[in-house]
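[1] A structural model of the following input is requested.
(2 chains)
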Amino acid sequence: DVKVTQSSRYLVKRTGEKVFLECVQDMDHENMFWYRQDPGLGLRLIYFSYDVKMKEKGDIPEGYSVSREKKERFSLILESASTNQTSMYLCASSSPGVTTNEKLFFGSGTQLSVL
Amino acid sequence: GEDVEQSLFLSVREGDSSVINCTYTDSSSTYLYWYKQEPGAGLQLLTYIFSNMDMKQDQRLTVLLNKKDKHLSLRIADTQTGDSAIYFCAESFGSGNTGKLIFGQGTTLQVKP
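    Residues are numbered from 1 along each chain as shown, chains lettered A, B, ... in the order given. Next up, the predicted model:
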């Protein structure tokens, strides 16, 4: 069974802390994405990566960075957490295909609270 | 820029049909998608339609695409309580297989017994 695993389901951090959100996929997918989900706003793309050591900014990259040292792992880093980064974070992966590159497989999400 | 709009909430009775609507702005999108999010879970791909199609049917699901009006809808026939979830419409970001999607706000479907 294919899987995208996010290391934590719930996280509580303090303002100013450095926060790491980890995501691992076992499908040998090239593409990996980090979204944040907020009520009434849907999903917004933070960063994505098409290959190891490659990263590109999404729509809302400010305050975040990412790391992709291995194909299966994509980490989201909050350098100095702030209360407006309290959100549900969703990791996803996909693979270039014949018909569509956009069949995303999602993890269950990490609900981050910054106090 | 690209934008996808959905209404936020829909309530139906079990056994009725549900219709969830979506409008999008990027006419170059190759595919349009419907994703489903059940409580406490990530999103799952429900169905998708190629932009040169008008309709796609998959069991209880019917997707209608009006490319002129940039309007997409998802019809669920014989809606069940297990269909209660948040439904997201999504379009490709630009042309080509970029792998990036623009999501709508999500429509919460409530199914009453």
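
[2] Between its first and last residues, how far does stretch B:25-41 reach?
    End-to-end span of stretch B:25-41 (CA to CA, to the nearest Å): 28 Å.

[3] Would you tell me whether it gets close to chain A?
    Yes - applying CB under 8 Å from any CB of the partner chain, one finds stretch B:25-41 touching chain A at B:30, B:31, B:33, B:35, B:40, B:41. Any C-beta I mention is one placed from the backbone N, CA and C, and that applies to glycine too.

[4] Only the buried residues of that stretch, if you could.
    The neighbour-count check on stretch B:25-41 (16 or more other CB atoms under 10 Å in any protein chain shown) flags B:26, B:29, B:30, B:31, B:32, B:33, B:34, B:35, B:36, B:37 as buried.

[5] who touches the fifth one in this structure?
    Spelled out, it's residue B:32. Contacts here follow CB atoms under 8 Å, 6 or more residues apart in numbering or on different chains; on that basis residue B:32 touches B:24, B:48, B:49, B:51, B:63, B:65, B:72, B:89, B:90, B:91, B:92.

[6] Of these, just the buried ones, PyMOL syntax please.
    Only the buried entries of the contacts of residue B:32 go into this PyMOL selection, using 16+ other CB under 10 Å:
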select buried, chain B and resi 24+48+49+63+65+72+89+90+91+92
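
[7] biggest separation within the contacts of residue B:32, which pair?
    Checked with CB to CB, these reach their widest spread between B:63 and B:92, with 15.2 Å between them.

[8] Find the residue at the geometric middle of chain A.
    Centroid check for chain A by CA atoms, centre = their mean gives residue A:34 as the closest residue, at 2.6 Å.

[9] Am I right that residue B:82 falls within a helix?
    Yes - the assignment for residue B:82 is a helix, going by DSSP: H, G, I helix; E, B strand; the rest coil.

[10] Just to be sure, residue B:29 is in a helix?
    No - Residue B:29 is assigned coil when assessed by three-state DSSP, not a helix.

[11] Can you give the distance of the host helix or strand of residue A:113 from its chain's centre?
    Element membership for residue A:113, per DSSP states H and E: strand A:110-114. Mean-position distance between strand A:110-114 and its chain equals 13 Å (CA atoms, centre = their mean, to the nearest Å).

[12] that older thread, which pair of the residues of stretch B:25-41 next to chain A spans the longest distance?
    Of all pairs drawn from the residues of stretch B:25-41 next to chain A, the widest gap by CB to CB lies between B:30 and B:40 and measures 31.7 Å.

[13] before we move on, back to that, pLDDT added to the residues of stretch B:25-41 next to chain A, as JSON lines?
    Below are the residues of stretch B:25-41 next to chain A laid out as JSON lines (pLDDT from 0 to 100):
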{"residue": "B:30", "pLDDT": "76"}
{"residue": "B:31", "pLDDT": "83"}
{"residue": "B:33", "pLDDT": "92"}
{"residue": "B:35", "pLDDT": "95"}
{"residue": "B:40", "pLDDT": "85"}
{"residue": "B:41", "pLDDT": "87"}
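
[14] Okay then, goodbye and thanks.
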